[in-house]
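Student: structure for this input, please:
(2 chains)
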There are 2 protein chains.
Amino acid sequence: MITFENAFEHVLEHTLDFGDETVTLLKSTGRILSEDIKADRDFPPFNRSTKDGIVIAFSAIEKGITRFKVEGVLSAGMPQQKLSTDHNCLEIMTGAVLPEQADTIVMYEETAIKDGWASITKTPKKGQNIHRQGTDEQKGAILLKKGTEITAAVIGVLASVGKKDVLVKTLPKICVVSTGNELVEIQETPLPHQIRKSNSLSLASALKKVKITPTLLHIADDKSIIEKELEKAILKYDVLMLSGGVSKGKFDFIPDALHNLGIEKVFHRVAQRPGKPFWFGVQKEKQKVIFSFPGNPVSTFANYHVYFLPWLKKSLGTETKNPSVILDEPIQPHPSLTLFVQVTCHWHQGKLIAKTIKGNGSGDLVSLALADGFIRVPQGDNEILQGMVFDYTEAG
Amino acid sequence: MITFENAFEHVLEHTLDFGDETVTLLKSTGRILSEDIKADRDFPPFNRSTKDGIVIAFSAIEKGITRFKVEGVLSAGMPQQKLSTDHNCLEIMTGAVLPEQADTIVMYEETAIKDGWASITKTPKKGQNIHRQGTDEQKGAILLKKGTEITAAVIGVLASVGKKDVLVKTLPKICVVSTGNELVEIQETPLPHQIRKSNSLSLASALKKVKITPTLLHIADDKSIIEKELEKAILKYDVLMLSGGVSKGKFDFIPDALHNLGIEKVFHRVAQRPGKPFWFGVQKEKQKVIFSFPGNPVSTFANYHVYFLPWLKKSLGTETKNPSVILDEPIQPHPSLTLFVQVTCHWHQGKLIAKTIKGNGSGDLVSLALADGFIRVPQGDNEILQGMVFDYTEAG
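Tutor: Sure thing, here's the model as predicted:
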């Protein structure tokens, strides 16, 4: 049995690279950029009006002119025009191109316009109300770096530089495998000794959040069937995510089957609760990784968030923030196990405050649905006091 | 011009109800439950073993028996069996049904099994290692309430009670309308005075996060075309989300067009930066709502997150947490405008610490892509000191 810290380190040592692929812009939300994105032109691409008003040459102000003949109206989308003389002005709308021979914009609120003449009611500053070409970014500048997560705001930048197709990190092909003869399908009515599948559906839902659609596979508790089915799955997928079949029970055939299939066990059993029987293995040459989680819901869910998600992020070349929370009550650590404790959180004055959920242990699905995430309580002997800070893994 | 507080209140007064619909379980992730979910049986449905080991009758221990003949092996998925006499035991796997006449489970680690006989090496407590029927939830209990957001953990609960179809709140049909003759499609190479569309794509990406796939519509800056196109859109959609066309410019026809179409203006112009020209209107009888955001990217993005998302959540009958952050620097409020300031955030000891981004104002797409969200800085005259707490809107 190894410590949580050791297990976590091992998992992160075995990241994979799934390469790159091109997806259309709107399909790229939530994916990870696999190219630097450069400005294809200056940002803004021209001297751009930031107000609705009139545009003048400041030389007129210096000559004492405050009343201008209106030559016309410039709107966003019109090619650049020219102010014919500094005795005149043009009306100009937000987003329009600054005309030649002009350099200062006075907003409507500081003008009076009548009969084709505009008077200014407040002396302008030279160059005011202009968003200058290239002041946000210059052509060729790197706007977004490889490894950036594509958010809605990033989509805006990609659109504006014309990336209708985007190079992103390819996601792993994942097979979620459930085992256990007690499991029946959701639509079935279970006999008293049976229960419906839930772990594999929870995992599929969680994976969808990171844009992965896994294949779901159920295997009966039969050693030769397990070995045959796992062999096929290992060929076809990058990652197997199993739940069940790794405790010490007589019918837990998974570790043996994986061994026979040439998967190298990195570790089995971690000094943690829940999720002690967590099994992790790799096939280095063929670039396969197997996360074999214990069968109960809370263990599987905690291990998925604590181990798999950081592994995925590192594999995709991106990083996570590491949230921490302040616990609003004392807690008793375990002398030899790292605990992952379900909590609900609320905000108070810029602090995230956590309260533990009194669940019924690792089989309790309902308490899991109420939790916002898990705090990590390191092993130890001393009671931990109210107000102490813990690493936090959000798990919605 | 009205205050932010007023505008926000007005928006939340005009929520809509889009009714309910049934979706399949895996499609329900991220949606809002529109029914209470009850336990269809006890949780767990039987007295369930929580360890791999042997199961005995505690009466044997009271008689001083510590060595038992092994009758057989019970695994998860087997119907309930019976222990024939308290001189015997059964091996039992995690998840298996407690047999009749037995009441105590001793894990393998505390037994020695040889030649069909099991000795116990540590005196058990009566009833240990059993997850009792109904101790998590009793049949008929409400497990999840209407209004719950369907997370991955919730999917697990829904699966376990057999909800292959789930009643959820229907989402609004949304049309995202862009206006402005300066806008060209992403795949086009803009002329010097043109720019590519980005706002509508950012909004579409943001809406996808809340499971809404909007229709995108671009309308040229022509009053009669705008009116005709908006009329069609209002018939077809619950919500129009416009960007551009609401400033004071000569070519901003939207407010007039909406007025002519019988949309009641609730407000136009809010004492806020960015996003002062925000226009909000409703058509009460026909249950339509129009969010008309200013055309620049930062305004549109801030207003979407600050106004639209809370409106959506309230319309769907669910609630949001209200995060707050601690600002790591002083800031100058505006004497008469509420400011939405772009920040990046990091965690420190359970606190979320924000730093402002020095963007180039409301046209700066790139700074927006770097921001984690916005803090809300109320209007005022005094400089706000480092370490003060602000309401925070995450906007990834």
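Student: ok, which stretches of the stretch 1-150 of chain A are helices?
Tutor: For the stretch 1-150 of chain A, the helices defined by DSSP state H, counting those that start in this stretch cover A:4-13, A:58-62.
Student: of these, which is nearest B:V389?
Tutor: Taking Cβ to Cβ, helix A:4-13 is the member of these nearest to B:V389, at 33.1 Å. (Glycine included, C-beta is placed from N, CA and C.)
Student: what is the closest one packed up against?
Tutor: Here helix A:4-13 is seen to pack against strand A:264-268, strand A:279-283, helix A:309-315 when contacts are counted using 3 or more Cβ pairs under 8 Å, 6 or more residues apart in numbering or on different chains; DSSP states H and E.
Student: including mean neighbour count and mean pLDDT, could the ones you listed go into a markdown table?
Tutor: Output for the helices and strands packed on helix A:4-13, formatted as a markdown table (neighbours: other Cβ atoms under 10 Å in any protein chain shown; pLDDT from 0 to 100):
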| stretch | mean neighbour count | mean pLDDT |
| --- | --- | --- |
| strand A:264-268 | 16 | 96 |
| strand A:279-283 | 21 | 96 |
| helix A:309-315 | 19 | 97 |
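Student: can you redo these as CSV with distance to chain B?
Tutor: Putting the helices and strands packed on helix A:4-13 into CSV (distance: least, Cβ to the nearest Cβ, whole Å) gives the following:
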stretch, distance to chain B
strand A:264-268, 14
strand A:279-283, 15
helix A:309-315, 11
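Student: would you turn these into JSON lines with distance to A:K82?
Tutor: Below are those laid out as JSON lines (distance: least, Cβ to Cβ, whole Å):
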{"stretch": "strand A:264-268", "distance to A:K82": "71"}
{"stretch": "strand A:279-283", "distance to A:K82": "68"}
{"stretch": "helix A:309-315", "distance to A:K82": "53"}
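Student: and for A:H14, nearest residue in space, chain neighbours not counted?
Tutor: Closest residue to A:H14 apart from its sequence neighbours, by Cβ to Cβ, 6 or more residues apart in numbering or on different chains: A:V282 at 4.9 Å.
Student: for the one you found, what are its contacts?
Tutor: Residues near A:V282 by Cβ atoms under 8 Å, 6 or more residues apart in numbering or on different chains: A:H14, A:I263, A:E264, A:V266, A:K288, A:V289, A:I290.
Student: 7 Å instead, please
Tutor: Each residue near A:V282 by Cβ atoms under 7 Å, 6 or more residues apart in numbering or on different chains is listed here: A:H14, A:I263, A:E264, A:V266, A:K288, A:V289.
Student: surely the second one touches A:K284?
Tutor: Read it as A:I263. No. If you go by Cβ atoms under 7 Å, A:I263 and A:K284 don't touch, sitting 10.0 Å apart.
Student: more neighbours, these two?
Tutor: A:I263 (24 against 11; other Cβ atoms under 10 Å in any protein chain shown).
Student: and that one, how far is that from A:P310?
Tutor: 21 Å (Cβ to Cβ, to the nearest Å).
Student: what's the answer for A:M388, then?
Tutor: Taking Cβ to Cβ, one finds A:M388 at 23 Å from A:P310.
Student: check which element follows the helix or strand harbouring A:V157 along the chain.
Tutor: A:V157 is part of helix A:152-160 when elements are defined by DSSP states H and E. For helix A:152-160, the following helix or strand on the C-terminal side (DSSP H and E) is strand A:165-169.
Student: which residues does that following strand contact?
Tutor: By Cβ under 7 Å, 6+ apart, the list of residues contacting strand A:165-169 reads A:18, A:20-25, A:28, A:31-35, A:158, A:316-317.
Student: what do you get if the cut-off is 6 Å, keeping everything else the same?
Tutor: Strand A:165-169 is contacted from outside by A:D20, A:T22, A:V23, A:T24, A:L25, A:S28, A:R31, A:I32, A:S34, A:E35, A:L158, A:L316, using Cβ atoms under 6 Å, 6 or more residues apart in numbering or on different chains.
Student: interface residues of the stretch 1-150 of chain A facing chain B?
Tutor: Taking Cβ under 6 Å from any Cβ of the partner chain as the criterion, the neighbours of chain B within the stretch 1-150 of chain A are A:29, A:46, A:52, A:73, A:75-77, A:79, A:93-95, A:97, A:108, A:131, A:135-137, A:143.
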